[in-house]
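Peer 1: Any chance you can model this:
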Amino acid sequence: MFIKPNWRILTIGDGDLSFSASLWNNFKPEQLTATVLDSQKTLENKYQYHAIKQLQTDPNQTILFSFDVTNPDSWSNLPERSFDLVIFQFPLVPAFEDPEFFHKMGDISVNTLNRLLLRKFLIHCTEYFLDPNGKQLCYITSKDVKPYCEWNIENSLNQDLEHIEYLGSMPFNIEDFPGYKVRNVDRDKHVKDTQGITYVWSPKTDNTTHESELIEKLIAKSHQGEEYCEICKAGPFVSASDKLLHEQTKKHRLMQQYEDQYTRMIKE
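Peer 2: Prediction:
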């Protein structure tokens, strides 16, 4: 993950705050605001080990509890448009157990809900969080395993959003963040340290205005063009009939259903 010490950084949904604490200790940003969806009491009850005290040692550190990135009403204590970088680590919609929630959501898949969460994150970053005179960077770190790899992160999140540009991706090395534990949603457990990928977006569409060191680290989209299937990351296909056979597979049909539902939702 590419981070400069003179950046003002906002972290979103940092469950036990271990990522934010490690970021502060190892990268020394100019300013760090860490946000948590839970209340402080809920966080303390949920996680036996957390990093609240580590982020209360410097005036340039701030923790905001009960912060919902989808709900502007929860941002009252956040200074608007004052950050260079906003980071969302391994986001995942919780495994809801409330039957009323599923009734309200109707036929909307969890796949679509996760994409909508990340899309709203990007929109709110560009409209409310990022300083228009700053670095203007959005990072989402995810994994190349199910269910994450089924979200078509590189192509779908900024669909029809002309003011948000996908810049590329870079490997996320958890060893660069000592003490960081990737938590299971709603559980006091951490998950296996599988390979992470940090995806990068910005409202600045001209790459020459970004840090050259960052641009050099970024990997461009893969599986683009007629000989590939970008939603399945499959190909290259040797012929049109080869691609047609792929499109008839169970995997592709499911992925296409996800794409179609997500596209309908963002156009409503």
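Peer 1: Report the contact partners of residue 63.
Peer 2: Listed by CB atoms under 8 Å, 6 or more residues apart in numbering, the contact set of residue 63 reads 17, 33-36, 52, 55-56. Glycine gets a C-beta too; all of them are placed from N, C-alpha and C.
Peer 1: That one in helix, strand or coil?
Peer 2: strand (DSSP: H, G, I helix; E, B strand; the rest coil).
Peer 1: and the gap between it and residue 9?
Peer 2: Separation of residue 63 from residue 9 (CB to CB, to the nearest Å) stands at 13 Å.
Peer 1: residues bridging contact with the two, i.e. touching both?
Peer 2: residue 33.
Peer 1: Just the buried ones from the contacts of residue 63, in ChimeraX syntax?
Peer 2: Restricted to buried positions by 16 or more other CB atoms under 10 Å, the ChimeraX selection for the contacts of residue 63 reads:
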select :17,33,34,35,36,52,55
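Peer 1: ok, so of the contacts of residue 63, who is nearest residue 161?
Peer 2: Minimum distance to residue 161 across the contacts of residue 63 is 22.6 Å, recorded for residue 35 (CB to CB).
Peer 1: What about the contacts of residue 63, which are in strands?
Peer 2: Among the contacts of residue 63, DSSP state E puts 33-35 in strands.
Peer 1: I'd like the residues you listed laid out as JSON lines, including pLDDT and distance to residue 69.
Peer 2: As requested, those are arranged in JSON lines below (pLDDT from 0 to 100; distance: CB to CB, whole Å):
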{"residue": "33", "pLDDT": "97", "distance to residue 69": "13"}
{"residue": "34", "pLDDT": "97", "distance to residue 69": "13"}
{"residue": "35", "pLDDT": "96", "distance to residue 69": "8"}
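Peer 1: Tell me how many other residues surround residue 60.
Peer 2: 13 (other CB atoms under 10 Å).
Peer 1: Got the phi and psi for it?
Peer 2: When read as degrees, to the nearest 10, the backbone of residue 60 gives phi -90, psi 10.
Peer 1: show me the contacts for it.
Peer 2: Residue 60 neighbours (CB under 8 Å, 6+ apart): 30-32.
Peer 1: between those residues, which is nearest residue 251?
Peer 2: Of all these, residue 251 sits closest to residue 32, with 40.8 Å by CB to CB.
Peer 1: Wait, the closest one touches residue 22, no?
Peer 2: No: between residue 32 and residue 22 there is no contact under CB atoms under 8 Å: 10.9 Å.
Peer 1: Who has more neighbours out of those two?
Peer 2: Neighbours were counted for residue 32 and for residue 22 using other CB under 10 Å; residue 32 has more, 23 against 19.
Peer 1: Who are the contact partners of that one?
Peer 2: So residue 32 contacts 8-9, 11, 20, 23-24, 55, 60-62 (CB under 8 Å, 6+ apart).
Peer 1: cool, and residue 44?
Peer 2: 50, 52.
Peer 1: how about it, secondary structure?
Peer 2: Strictly by three-state DSSP, residue 44 counts as helix.
Peer 1: do residue 149 as well
Peer 2: Classified using three-state DSSP, residue 149 is helix.
Peer 1: Apart from its chain neighbours, what residue comes closest to it?
Peer 2: Once flanking residues are discounted, residue 149 sits nearest to residue 143: 7.2 Å by CB to CB, 6 or more residues apart in numbering.
Peer 1: Ok, residue 36 next?
Peer 2: residue 65 (5.2 Å).
Peer 1: now residue 237
Peer 2: residue 243 (4.0 Å).
Peer 1: for the helix or strand that contains that neighbour, the distance to its chain's centre please.
Peer 2: For residue 243, the element it lies in under DSSP states H and E is helix 240-247. Helix 240-247 sits 32 Å away from the centroid of its parent chain (CA atoms, centre = their mean, to the nearest Å).
Peer 1: name the helices or strands packed onto that helix?
Peer 2: Judged by 3 or more CB pairs under 8 Å, 6 or more residues apart in numbering; DSSP states H and E, the packing partners of helix 240-247 are helix 250-267.
Peer 1: Please list the residues outside the helix it packs on that contact it.
Peer 2: With CB under 8 Å, 6+ apart, helix 250-267 has contacts from 107-109, 111-112, 115-116, 119, 150, 152, 156, 159-160, 229, 231-232, 234, 246-247.
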